[in-house]
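Dropping a prediction and its sequence here:
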Amino acid sequence: MYFSGKIEFGVINQSVSAFNHILGDFSLIVYQFQSISAFSAIIDRLGEFDDVLDSSISKHLSELSEEISLSYCNFRNSLVLESNGSVPVDNCQKLLSIENLTLQTPTSKATLIRDLSLVINEKDHLLVTGPSGSGKTSLLRALAGLWNVGRGKITFYVDDADDPQLPTSSELPANEINTSHEKAGELEGPINRNSRGLFFLPQRPYMVLGTLRQQLLYPTWADDTTPMSDGAKPVAGSLSFLMGKSNSENGGAKPNKPTTDDLIQVLENVRLGYILSRFGSLDSTYEWSSVLSLGEQQRLAFARLLLSKPKLVLLDESTSALDEANEAHLYRQIEAAGITYVSVGHRRTLYEHHNMTLRISTADPNCNKRNWDIESISSKPMYDFSSQ
Ligand SMILES: Nc1ncnc2c1ncn2[C@@H]1O[C@H](COP(=O)(O)OP(=O)(O)OP(=O)(O)O)[C@@H](O)[C@H]1O
């Protein structure tokens, strides 16, 4: 066509370039076929996940009338205060009350615990026992607000002087915040519960990606990016933040952010001081869940607990990977820090560190009787690990 003069030479060049362009575009689909199909599969799966979430939310909303109510109440309103408004010294602070709690499994609605009522005051260290599958962990999940299938009422008593997030009694008709009113996505996560004086330690603690310092500061100071004020000296003793004072300067409910010295001291307190020399410094980064044994991770979780110093902690087999001497040491540490604990565990040695036991038996579907018993534990030591 060029030689017969029908087209110019430039048109041939243009055609070649256009053809190459089109070929490149089609080849992209051929070469990237695997990634495109993987992408489409991911989108499909996310779509299905979204549908499941939507259906569970709508199911959840339709079942609002039959669920566990979790609320926070100002403990000062449950006490008879001194004439100057202070809390009487010998008056034990109520931390938690459970009223007529019936716990069911989410899917089959099988009853796990029937009509449980109990009150936990400060220093009432409760051990929850029972056969495997009886519902011990489920009870802790319900207390942590992670499980609401069933009925009954759980109330945490918090001191609003420690927590500016908690509205004062005058802001609430019944001096109470009921999270069952916050259902549509506004239910607070368990981490926020920490700021109200409650902490949850699972059997396998969550190890954050980051430095050893970040591990220790999690979750209480996880979102706090301000640098450490290592120059600031503790007010009294090496662990001034363990005195339970809130950070009044920041107006926050969290204890003062620990200094490097505090972090080193708390590692010593949970018998983990040796990991500092092993891993270099507090600012070393490792895949902590791989380089630390489960027992070391559990001790690290107790270090977090000692730094945060909540009023109440829920321990779900949190010392299962530890030897008995270390277990006894950690329980002594948290008791000395004034933390009240509710533990789930199977070991006989746990009785030593608690003063009440809640024994749950496997619920009989054909019987409407309660399947639990509360007993006090004699203070006589069964084992003595203090010499170890
Ligand atoms: N998400 C869930 N959906 C349905 N059923 C569940 C769920 N989680 C737990 N269950 C069931 O609830 C029952 C109680 O479980 P839970 O973990 O509370 O028992 P447990 O007493 O702590 O047992 P263990 O001592 O073995 O840890 C079990 O039969 C379990 O299969």
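Received it, and whenever you're ready, just let me know what you need. Residues are numbered from 1 along each chain as shown.

which stretches of the stretch 1-150 of the chain aren't confidently modelled?
Low-confidence segments of the stretch 1-150 of the chain (pLDDT under 70): 59-65, 75-92.

Just the strands from it, written as ranges.
Remark: strands assigned in the stretch 1-150 of the chain by DSSP state E, counting those that start in this stretch are 69-74, 94-104, 111-121, 126-129, 150-158.

can I get those strands in CSV with mean neighbour count and distance to the ligand?
Placement of C-beta: from N, CA and C, glycine included. Shown next, in CSV, are these (neighbours: other CB atoms under 10 Å; distance: least, CB to the nearest ligand atom, whole Å):
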stretch, mean neighbour count, distance to the ligand
strand 69-74, 21, 17
strand 94-104, 19, 8
strand 111-121, 19, 5
strand 126-129, 23, 8
strand 150-158, 21, 12
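
Please tell me I have it right and I374 contacts H354.
No. Using CB atoms under 8 Å, I374 makes no contact with H354, being 11.7 Å away.

Compare those two and say which one has the larger neighbour count.
Neighbours per residue (other CB atoms under 10 Å) separate I374 from H354, with H354 holding more: 21 against 12.

okay but that one is in contact with T129, surely?
No. The criterion here is CB under 8 Å, and H354 misses it with T129 at 9.7 Å.

Just the buried residues of the longest helix along the chain, please?
Criterion DSSP state H: the longest helix present in the chain is helix 33-62. By 16 or more other CB atoms under 10 Å, helix 33-62 has no buried positions at all.

rewinding a little: got the strands of the stretch 1-150 of the chain as JSON lines, with distance to K6 columns?
Shown next, in JSON lines, are those (distance: least, CB to CB, whole Å):
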{"stretch": "strand 69-74", "distance to K6": "84"}
{"stretch": "strand 94-104", "distance to K6": "84"}
{"stretch": "strand 111-121", "distance to K6": "87"}
{"stretch": "strand 126-129", "distance to K6": "92"}
{"stretch": "strand 150-158", "distance to K6": "86"}
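
out of these, nearest to E324?
With CB to CB as the measure, strand 126-129 is the member of the strands of the stretch 1-150 of the chain nearest E324 (15.0 Å).

what's that closest one in contact with?
Here strand 126-129 makes contact (CB atoms under 8 Å, 6 or more residues apart in numbering) with 118, 120, 136, 139-140, 341-346, 350-351, 353-354, 356-360, 377.

Pull out the buried residues from those.
120, 136, 139-140, 341-345, 350-351, 353-354, 356-360, 377.

Now whatever residue of the stretch 151-300 of the chain ends up closest to the ligand. Nearest residue, chain neighbours left out?
Nearest residue of the stretch 151-300 of the chain to the ligand: Q203, at 8.4 Å (CB to the nearest ligand atom). Nearest residue to Q203, sequence neighbours excluded (CB to CB, 6 or more residues apart in numbering): E317, at 4.2 Å.

Wait, T220 touches S308, no?
Yes. Contact criterion CB under 8 Å: T220 and S308 qualify, at 4.3 Å.
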